[in-house]
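*Asks:* task: produce atomic coordinates for the following.
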Amino acid sequence: MEIRDIKLAQQGDEEATEKIFHEYQSSILRNNRKFFLKGAESDDLLQEGYIGLMKAIKSYDETKNACFNTFANLCIRRQIITAVKTHSSAKYQNLNSAVMGEEYVGFEEVTKYNAPSINFYNPEEIVLGKELVKLLENFLVENLSDLEKKVFYYLCKEYSYIEIAETLDETPKKIDNTIQRIKKKILNYLGTYVEK
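*Replies:* The predicted model follows:
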């Protein structure tokens, strides 16, 4: 997909938008077939897929180093999942590890982001989650300070903030403030990709 078409679509160009819709039609149909929405027609989920694609077009930012194809498919899938979640019965269990898995060790607040009420132990969902993790990793490398990177590393090793302070020879308060900054950066970044 040409970045020029995406920018034109963001500016309201109907021809560019139609071109993107046509290109992603098969992807939306593929995602649509994977889910069953009780009490709704297949077209309902198809419409949700196009809504997700439109959200991807409007919010895509090439400076975040994300391939549009990956971003668009994430948005399409998230929109469909949100629709399924909204209409699902209570028999499905909330999975806090959905989509992102347990990649963010030590960031329980981040991973509990209104997880979809469906089972994600599915190879395709795992791949989708890994794609998001890669995007986040790239973001962290480019946007965390040296201290934040060190703190994040030890958080992923399940160190407490007291242990991190001792290891890095910093005050607990400074480490705690650093953790809060890291969490804020992660949540702000994920807000682009995750339907809240």
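*Asks:* what's the distance between Leu74 and Leu135?
*Replies:* Taking C-beta to C-beta, to the nearest Å as the measure, Leu74 and Leu135 are separated by 9 Å. For the C-beta atoms, the positions are set from N, CA and C on the backbone; glycine is no exception.
*Asks:* kindly report the same for Ser59.
*Replies:* In terms of C-beta to C-beta, Ser59 sits 14 Å off from Leu135.
*Asks:* go on, Arg181?
*Replies:* Taken as C-beta to C-beta, the span from Arg181 to Leu135 is 20 Å.
*Asks:* which residues touch Glu15?
*Replies:* Leu8 (C-beta atoms under 8 Å, 6 or more residues apart in numbering).
*Asks:* change it to 10 Å
*Replies:* Asp5, Leu8, Ala9 (C-beta atoms under 10 Å, 6 or more residues apart in numbering).
*Asks:* tell me which of those fall in helices.
*Replies:* Of the contacts of Glu15, the ones assigned to helices by DSSP state H are Asp5, Leu8, Ala9.
*Asks:* among those residues, the buried ones, what's the ChimeraX command?
*Replies:* Buried members of the ones in helices among the contacts of Glu15, defined by 16 or more other C-beta atoms under 10 Å, are picked up in ChimeraX with:
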select :5,8,9
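*Asks:* closest one of the ones in helices among the contacts of Glu15 to Glu170?
*Replies:* Set against Glu170, the nearest of the ones in helices among the contacts of Glu15 by C-beta to C-beta is Ala9 (46.8 Å).
*Asks:* surely the closest one touches Ile20?
*Replies:* Yes. Counting by C-beta atoms under 10 Å, Ile20 is a contact partner of Ala9 at 5.7 Å.
*Asks:* helices of the chain, start to end?
*Replies:* 3-10, 14-23, 25-33, 42-59, 68-87, 108-111, 123-143, 146-156, 161-168, 172-193.
*Asks:* now render those helices as a markdown table, adding mean pLDDT.
*Replies:* What follows is those, written out as a markdown table (pLDDT from 0 to 100):
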| stretch | mean pLDDT |
| --- | --- |
| helix 3-10 | 90 |
| helix 14-23 | 91 |
| helix 25-33 | 82 |
| helix 42-59 | 84 |
| helix 68-87 | 80 |
| helix 108-111 | 38 |
| helix 123-143 | 68 |
| helix 146-156 | 88 |
| helix 161-168 | 88 |
| helix 172-193 | 84 |
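*Asks:* name the stretch among those that sits most buried.
*Replies:* helix 68-87 (a mean of 20; mean count of other C-beta atoms under 10 Å).
*Asks:* and the angle from that helix to helix 14-23?
*Replies:* Counting by axes from the mean of the first three to the mean of the last three C-alpha atoms, to 10 degrees, helix 68-87 lies at 70 degrees to helix 14-23.
*Asks:* then helix 68-87 to CSV, C-alphas only?
*Replies:* This file holds the C-alpha atoms of helix 68-87, laid out as CSV (Å, rounded to 0.1, in the frame of the first residue of the first chain):
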residue,chain,number,x,y,z
PHE,A,68,0.6,0.1,7.5
ASN,A,69,-0.4,-3.5,6.6
THR,A,70,0.5,-4.7,10.1
PHE,A,71,-1.3,-1.7,11.7
ALA,A,72,-4.4,-2.1,9.5
ASN,A,73,-4.7,-5.8,10.3
LEU,A,74,-4.4,-5.1,14.0
CYS,A,75,-7.1,-2.5,13.8
ILE,A,76,-9.4,-4.7,11.8
ARG,A,77,-8.9,-7.6,14.2
ARG,A,78,-9.3,-5.4,17.3
GLN,A,79,-12.6,-3.9,16.0
ILE,A,80,-14.1,-7.3,15.2
ILE,A,81,-12.9,-8.7,18.6
THR,A,82,-14.5,-5.7,20.3
ALA,A,83,-17.8,-6.4,18.6
VAL,A,84,-17.6,-10.0,19.5
LYS,A,85,-16.7,-9.1,23.1
THR,A,86,-19.7,-6.7,23.3
HIS,A,87,-22.1,-9.3,22.2
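*Asks:* noted, bye for now.
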